[in-house]
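K.L.:
I'll drop the sequence and a predicted model, then ask my questions.
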Amino acid sequence: MNDTDARIAFIGGGNMASAIIGGLVRQGLPPAQVAVVEPFAEARTRLKQQFGVDAQDQAGPALADADLVVWAVKPQTFKEAAAQARPHVQQALHLSVAAGIRSDSIARWLGTERIVRSMPNTPALVGKGMTALYARSAATEADRQRVEQVIATTGESLWVEQEKHLDAVTALSGSGPAYVFYFLEAMTQAGAEMGLAPEQARRLAIATFAGASELARASPDPLHVLRERVTSKGGTTYAALTSLESDSVKAAFIRALHAAARRADELGDEFGR
Ligand SMILES: NC(=O)C1=CN([C@@H]2O[C@H](COP(=O)(O)OP(=O)(O)OC[C@H]3O[C@@H](n4cnc5c(N)ncnc54)[C@H](OP(=O)(O)O)[C@@H]3O)[C@@H](O)[C@H]2O)C=CC1
Ligand SMILES: O=C(O)[C@@H]1CCC=N1
């Protein structure tokens, strides 16, 4: 990504901003073309050390020539951050990564309609992110392409046509890496309890998740068919899946995702006013 005149500003320089900045810089965007507003001094130092990017402690004129502003603050602080930055970002296209905060709120806070909302996830840090995008109707085709170009540096993306679907995406792929780590923790712990060295158990668990995910991606078959191919009659997998079913794990897991989506909706109500 060598766009000579493309300048991007990030409001918030934490985990998600770092993942996107990392992708952009790795793909060749000069760090001098990235501006960051980040009040936390340690985070500013990290951005400089990791990516060579200069961050300011507050919004100011340095943001004025950004054509794209990425909002990577917590939902709870978005409104306050928007009030601080608004005078300096009037000409830009805006991309939010905040969970729950609706584009109606962002449009009201910033006084512009050129807004794309997104829900990325932390595998973006290693170029394996999955991001869902939603464009407000005033965003042009060129705006959509600009956002796609930036997000492509972090992994894959898809567009959703209804904004409310971003809450489902948040529950599924936004929070999703945490569920995977949770299962990896359980598998690693079980392996260690059965006598494997913790490092061996960790490696086996991670390789299994990565391998099964790649197999699912490559295969045209439904997921349940892939599962059935592992499940020999009267065998070990059957014993494990029967135990999971008797503990209602799948139903509990589905309930958990509904809870996450409800929380995204609540965040929009609570912090979008
Ligand atoms: N982490 C994840 O997996 C994902 C997060 N998201 C969304 O990304 C957003 C950011 O999350 P994440 O990166 O994890 O959070 P972080 O806390 O890591 O980053 C947010 C940063 O914004 C800073 N900040 C606070 N107030 C302001 C302000 N007024 N102006 C500029 N910066 C400010 C915070 O500083 P300080 O700490 O000093 O307050 C903090 O460093 C959230 O809205 C979240 O919903 C979306 C998808 C996945
Ligand atoms: O937990 C959260 O609220 C954020 C949004 C998706 C992942 N992390």
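P.N.:
Cool, got the structure. Numbering: from 1, shown residues only. Ligands and ions are numbered 1, 2, ... in the order given.
K.L.:
what residues are up against the closest residue to ligand 1 within the stretch 151-273 of the chain?
P.N.:
Residue nearest to ligand 1 within the stretch 151-273 of the chain: residue 174 (4.5 Å; C-beta to the nearest ligand atom). Every C-beta, even on glycine, is put in place using the N, C-alpha and C of the backbone. Contact analysis of residue 174 by C-beta atoms under 8 Å, 6 or more residues apart in numbering lists 99, 119, 120, 121.
K.L.:
correct me, but the last one touches residue 178?
P.N.:
What that stands for is residue 121. No: the criterion here is C-beta atoms under 8 Å, and residue 121 misses it with residue 178 at 9.4 Å.
K.L.:
more crowded one of these two?
P.N.:
Neighbour comparison, residue 121 and residue 178: the larger count goes to residue 121, with 25 against 11 (by other C-beta atoms under 10 Å).
K.L.:
how close does the closest residue to residue 83 other than its chain neighbours sit to residue 98?
P.N.:
Setting aside the residues directly before and after it, residue 83 is nearest to residue 109 in space (C-beta to C-beta, 6 or more residues apart in numbering), at 7.0 Å. Distance, residue 109 to residue 98, by C-beta to C-beta, to the nearest Å: 11 Å.
K.L.:
which neighbours do these two share?
P.N.:
With C-beta under 8 Å, 6+ apart as the test, residue 109 and residue 98 both reach residue 78.
K.L.:
name the residue in these two with the higher neighbour count.
P.N.:
Counted by other C-beta under 10 Å, residue 109 and residue 98 do not tie: residue 98 has more neighbours, with 28 against 20.
K.L.:
measure the more buried one to ligand 2 for me?
P.N.:
8 Å (C-beta to the nearest ligand atom, to the nearest Å).
K.L.:
could you look up the SS state of that residue?
P.N.:
Judged by DSSP: H, G, I helix; E, B strand; the rest coil, the three-state class of residue 98 is coil.
K.L.:
wait, it sits on residue 75?
P.N.:
Yes: if you go by C-beta under 8 Å, residue 98 and residue 75 touch, sitting 5.0 Å apart.
K.L.:
which parts of the helix or strand hosting residue 269 are buried?
P.N.:
Using DSSP states H and E, residue 269 falls within helix 249-271. Burial within helix 249-271, assessed by neighbour count using 16 or more other C-beta atoms under 10 Å, is assigned to 257, 260, 261, 263, 264, 267, 268, 271.
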